[in-house]
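Visitor: okay, here's the prediction I keep looking at, along with the sequence it came from:
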Amino acid sequence: MTKDLSQPVLKVRDLTVEFATEDGVIRAVDSVSFDVQPNETLGLVGESGCGKTVTGLAMLRLIPMPPGRIASGSIELDGRDLVPLPDRDLEDLRGRALSMIFQEPMTALNPVFTIGNQMTDVLCRHRDLTRRQARPVAAELLAKVGIPEPANRLDDYPHQLSGGMRQRVMIAMALSCNPRLLIADEPTTALDVTTQAQVLEQFRALQAEFRMAVILVTHDLGVVAETCQRALVMYCGSIVESGATAELFSRPRHPYTAGLLASIPRLRSERLPELPVIPGRVPDLLNLPAGCRFADRCPRVQERCRAERPVLTGRDSGVACHYPL
Amino acid sequence: MAPGDPFAAAAPLVEVTDLRKYFPVRGGLFRRVVGQVKAVDGVTLALRAGQTLGLVGESGCGKSTLGRTILRLQEPTSGSIRFDGVDLTHLTRRQLLPWRRQMQAVFQDPYGSLSPRRTVAQTVREPLDVHRVGTAAERSARVAELLDVVGLSPLAANRYPHEFSGGQRQRVGIARALALNPQFIVADEPVSALDVSVQSQVLNLIARLQRELGIAFLFISHDLAVIQHVSDQIGVMYLGKVVELAPAALLFRKPLHPYTEALLSAVPQVDHQGRKQIVLSGDVGSPRNPPAGCPFHTRCPKVMDICRSTPPVLKSPAGDPSRTVACHLEGTGP
């Protein structure tokens, strides 16, 4: 595989993912386009149901089908579209060029096999090693993610490790084939803050070492601010704003981004009498408003917003709003 | 007492003294007790009427068990719980009943803590039925009033929990807790399951209830930013012990315990420029077999020899009676 640093690793164009439900078809991801550059960490943020996880899963074509389907669009990894790819070719890419880490390491690891067993499986499958050759490689990977006494840990079962250690094992497994792109879905959400800080620090160091692109899916704006160079804010299946993280968080342009940022309780020594809120709630995906999907909750709403749906002004840095801040 | 004036009552409303809750660990063929998990290990706290005490700590530190033990949803192993000057520790269930009206709880999971078979009105009304408050008509009127207080439409009354979002369900849980006009509410991670935009709505509701109804809260959360938004005082727990207790503003401006400091620095921040992060090494010790000396010494970046052998005592550091800390660095040895 070529490693051209001037071209994006991943190009997603007009990706639409639909799910058939009893009440009708839901469009969980609606015409989403973005690029991921080599060595870049891209944050995908939004609240539950905004489509961020489905977008992440779609990158590996892990959408449960049926009821889901990729209705349209393309996902190009190093110039090769994954959408029409036969399952067999895709299996070769998963785990090797593409890796994923999930929120709950306990459910992602198999409880009846040892850590070593599960790690060597991946190495044997994708790197053509024998079990005997794979074991020291696995131990080395565990050492890289900061697990003490790695050789002994290989014989442990997942339940013998703490949550933070399990998530480190997941990261080690995801890195074992030196992937081009890693998708991390809420990798630290189930961890305590001090453990989260440890794992994120490790994660940043490893990304620099392995030189891979990362899509970090999370609801935590703080994690994005500290980990990602660029971020996409999603709402009701679409990207409402994109840009460099520092810029995006210091000068949000979409009223939703601004509202979200304002409503998080911050660590301050003074206590505010009231937290700013975004009124109302996310609309039902089965019954979306015609114009801008944020219109009903937006403090800047005007007539045009209810009639005409705004489009994202730019892929790398843009806003989908008729009257941005 | 006048609501809104936290200093109207001099005596504490809730007083917890050296409270312990140990859970037996059973093992072997005969399921004998082979050890104990010291979930709450000698906690002393006081809470005045209308005040909010925030309790923060990571999973397994014993904060939820402490909340449940104070409400006597769990029987304490030792120590005492006094409410409004009365010792509740050894009261029977029947004797406890009138006090239960004064002490309510709001739980984390708005999906698991509401019965799916009851309408919102039935759920909110249940405490009134159990304690036989007023006539049927009065109870219905009270339910309508409560729904209004927590910001739910009167139409919500005859609907079922599955028809509501997480934030609205949590409002139902809060309405139920308010039904009997309690003086004290234990709120255990009440906003942790909610999305940020909804979380701030519910936090504002809780802050308003504190102000308008003068209810004292024990607010339990793993999230420091959430805790500081609602608390007057904050207690930091680690492995079953309170390691620092201070007025909220003071704790954030000048944390004394190295664990508090690490905890504060570990919270990912949107505006993180110029902040130096303290990344701890290692994992939290086991409450079944806590480290000797200071429970935090295995991870403490400032550990000294004495910390490994002698447990520090929670007391005021020299020259500052407004706060307490358990750390040898602050000279709070035995």
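Guide: Sure thing, it's come through.
Visitor: quick check, the residue in the stretch 1-150 of chain A closest to chain B?
Guide: Chain B sits closest to residue A:47 of the stretch 1-150 of chain A, with a gap of 4.0 Å, by Cβ to the nearest Cβ. Placement of C-beta: from N, CA and C, glycine included.
Visitor: setting aside sequence neighbours, what's the nearest residue to that residue?
Guide: residue B:195 (4.0 Å; Cβ to Cβ, 6 or more residues apart in numbering or on different chains).
Visitor: just checking, the one you found touches residue A:235?
Guide: No: here residue B:195 does not reach residue A:235: they are 11.6 Å apart, not a contact under Cβ atoms under 8 Å.
Visitor: ok, residue 32 - contacts?
Guide: Just going to use chain A. Contacts for residue A:32 were tallied using Cβ atoms under 8 Å, 6 or more residues apart in numbering or on different chains; they are A:12, A:14-16, A:51, A:55, A:73, A:234, A:237-239.
Visitor: oops, chain B please
Guide: Residue B:32 touches residue B:26, counting by Cβ under 8 Å, 6+ apart.
Visitor: for it, give its distance to residue B:181.
Guide: 47 Å (Cβ to Cβ, to the nearest Å).
Visitor: kindly report the same for residue A:315.
Guide: Taking Cβ to Cβ, one finds residue A:315 at 56 Å from residue B:181.
Visitor: so those two - more neighbours on which side?
Guide: residue A:315 (15 against 12; other Cβ atoms under 10 Å in any protein chain shown).
Visitor: quick revisit: contacting residues for the residue of the stretch 1-150 of chain A closest to chain B?
Guide: A:219, A:235, A:260, A:282, B:195-197.
Visitor: okay, now the unreliable bits of the chain?
Guide: Using chain A. By pLDDT under 70, the low-scoring segments of chain A are A:1-5, A:268-270.
Visitor: that's the wrong chain, I meant chain B
Guide: Using pLDDT under 70, chain B drops low at B:1-10, B:272-275, B:333-334.
Visitor: what does the stretch 201-334 of chain B have sitting close to chain A?
Guide: B:201, B:203-204, B:207, B:222-226, B:228-229, B:248-249, B:252-253, B:262-272, B:277, B:279-281, B:283-284, B:299 (Cβ under 8 Å from any Cβ of the partner chain).
Visitor: ChimeraX command to pick out the buried ones of the residues you listed?
Guide: A single ChimeraX command selects the buried members of those (16 or more other Cβ atoms under 10 Å in any protein chain shown):
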select /B:201,203,204,207,222,223,224,225,226,228,229,248,249,252,262,263,264,265,266,267,268,269,270,277,280,283,284,299
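Visitor: re earlier: which of the contacts of residue A:47 fall within helices?
Guide: A:260, B:196-197 (DSSP state H).
Visitor: keeping just the C-alphas, turn stretch A:287-306 into PDB.
Guide: Output in PDB follows, covering the C-alpha atoms of stretch A:287-306 (Å, rounded to 0.1, in the frame of the first residue of the first chain):
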ATOM      1  CA  ASN A 287     -40.300  13.200  11.300                       C
ATOM      2  CA  LEU A 288     -37.700  15.700  10.400                       C
ATOM      3  CA  PRO A 289     -38.500  19.400   9.800                       C
ATOM      4  CA  ALA A 290     -38.300  20.500   6.100                       C
ATOM      5  CA  GLY A 291     -35.700  23.200   6.500                       C
ATOM      6  CA  CYS A 292     -32.800  23.400   8.900                       C
ATOM      7  CA  ARG A 293     -33.100  20.500  11.400                       C
ATOM      8  CA  PHE A 294     -32.000  22.800  14.300                       C
ATOM      9  CA  ALA A 295     -34.500  25.500  13.500                       C
ATOM     10  CA  ASP A 296     -36.900  24.600  16.300                       C
ATOM     11  CA  ARG A 297     -34.200  25.000  18.900                       C
ATOM     12  CA  CYS A 298     -32.200  27.800  17.300                       C
ATOM     13  CA  PRO A 299     -32.100  31.300  18.900                       C
ATOM     14  CA  ARG A 300     -31.300  32.800  15.500                       C
ATOM     15  CA  VAL A 301     -34.000  31.200  13.500                       C
ATOM     16  CA  GLN A 302     -35.700  33.100  10.700                       C
ATOM     17  CA  GLU A 303     -38.200  32.300   8.100                       C
ATOM     18  CA  ARG A 304     -35.800  31.000   5.500                       C
ATOM     19  CA  CYS A 305     -34.400  28.400   8.000                       C
ATOM     20  CA  ARG A 306     -37.800  26.600   8.100                       C
END
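Visitor: now that stretch: buried residues?
Guide: A:291-298, A:301, A:305.
Visitor: what residues are up against residue B:298?
Guide: Going by Cβ under 8 Å, 6+ apart, the list of residues near residue B:298 reads B:282, B:285, B:291.
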